[in-house]
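>>> Provided below are the primary sequence and the corresponding predicted coordinates.
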Amino acid sequence: MQSFDSIPTVFMISKSLPETECENQAEGFVVKYSAPTVSITVKKLSLIWSERIESYKNSISAIPSQVTTHIKNKKLTNYQLNQLKKLIQSSGFMNLAAEYGVATNQRYYPYSISVCIDNKEKKVFLRSNPSNGKSPEAFRVVEDYLRQLIK
């Protein structure tokens, strides 16, 4: 039997690591949205999103016969970016709890929004279920605006 004394130990100084992802963002304002079929990222005036499109040959099958992912981007206007910032701040998004929705042992669809603004980070995860996974109003408002931006 080998003694643990002979195993090399490595120490790491944790103060050298960023405390949050937000401190790593030079942009100062980043929003990331993730849903089952769409993901959206806003950095500065850049809007990048991907859409997952599923096709079904058999109309009653839950398994798609083809899955395609489209990645698109566009430049936001200063007005759109400022509206998003104002919406996040005025809706109370930064005061939401970290998780909402149904219990982890129930079937759900995962949705999340993370925001870095002025070196403050907020991540909100929603376990959505049509029967009982309602999102808070502030989450819904930010989600709706992000989805409008990609239309």
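Looks like it arrived, so ask away. Numbering: from 1, shown residues only.

>>> what segments of the chain are strands?
Taking DSSP state E as the criterion, the chain contains strands spanning 29-34, 38-43, 46-55, 66-75, 99-101, 109-117, 120-128.

>>> and residue 59, how many residues sit next to it?
Here the count is done by other C-beta atoms under 10 Å, and residue 59 has 5 residues near it. To be clear about C-beta, it is placed using only N, CA and C from the backbone, and glycine gets the same treatment.

>>> need the phi and psi values for it.
Taking degrees, to the nearest 10, you get phi -70, psi -20 for the backbone angles of residue 59.

>>> ok, now how distant is it from residue 65?
Relative to residue 65, residue 59 is positioned 11 Å away (criterion: C-beta to C-beta, to the nearest Å).

>>> what's the answer for residue 81, then?
Remark: distance between residue 81 and residue 65 (C-beta to C-beta) = 39 Å.

>>> more neighbours: those two, which one.
Neighbour comparison, residue 81 and residue 65: the larger count goes to residue 81, with 19 against 10 (by other C-beta under 10 Å).

>>> spatially nearest residue to that one, not counting backbone neighbours?
Of all residues not flanking residue 81 in the chain, residue 45 sits nearest, at 5.9 Å (C-beta to C-beta, 6 or more residues apart in numbering).
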